[in-house]
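K.L.:
Fold the following for me, if possible:
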Amino acid sequence: PANQVKKIVFACEAGMGTSLLGASQLKKKLRQAELSVEVVNSPVHSIPQDAQVVLAHEILANLAREKAPRAVVISFENFVGNPMYDKIVQALGDNVDIIASK
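P.N.:
Predicted coordinates:
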């Protein structure tokens, strides 16, 4: 359930760059919605074990699923300005499940 999500991880190849921008954008949206969820970025090879939701570029999604088998993994093409951030914030605010992408 969404009300149990405490940590969202942006995973990319090195844990810098675009994932950092994406994490910053999602943090801002969560703050505006007054939702308290930790958002961090990480290299895909070292996703924290306590990650509950992982956002990864579609090229890295399968590796993210392997490295974080208990997390909901959401993949997409572009970290910057992604409408998925609004969907995540909405799901957390409405306390509905965040659905993994295939």
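
K.L.:
show me the contacts for N82.
P.N.:
For N82, the contact set (Cβ atoms under 8 Å, 6 or more residues apart in numbering) comprises G22, Q25, F76. All C-beta atoms are positioned from the backbone trio N, CA, C, and that covers glycine.

K.L.:
Also Q32?
P.N.:
Counted by Cβ under 8 Å, 6+ apart, Q32 has zero contacts.

K.L.:
any idea how far A71 is from it?
P.N.:
Distance, Q32 to A71, using Cβ to Cβ, to the nearest Å: 24 Å.

K.L.:
Now S75, what are its backbone angles?
P.N.:
With angles defined as degrees, to the nearest 10, S75 sits at phi -110, psi 150.

K.L.:
so how many other residues sit close to the residue lying closest to it once chain neighbours are set aside?
P.N.:
Distances taken as Cβ to Cβ, 6 or more residues apart in numbering place A61 nearest to S75, at 3.5 Å, with adjacent residues excluded. Applying other Cβ atoms under 10 Å, we find 21 residues neighbouring A61.

K.L.:
Between the two ends of stretch 72-84, how far is it?
P.N.:
Separation of the first and last residues of stretch 72-84 by Cα to Cα, to the nearest Å is 14 Å.

K.L.:
list the buried ones in that stretch?
P.N.:
The neighbour-count check on stretch 72-84 (16 or more other Cβ atoms under 10 Å) flags V72, V73, I74, S75, F76, F79, N82, M84 as buried.
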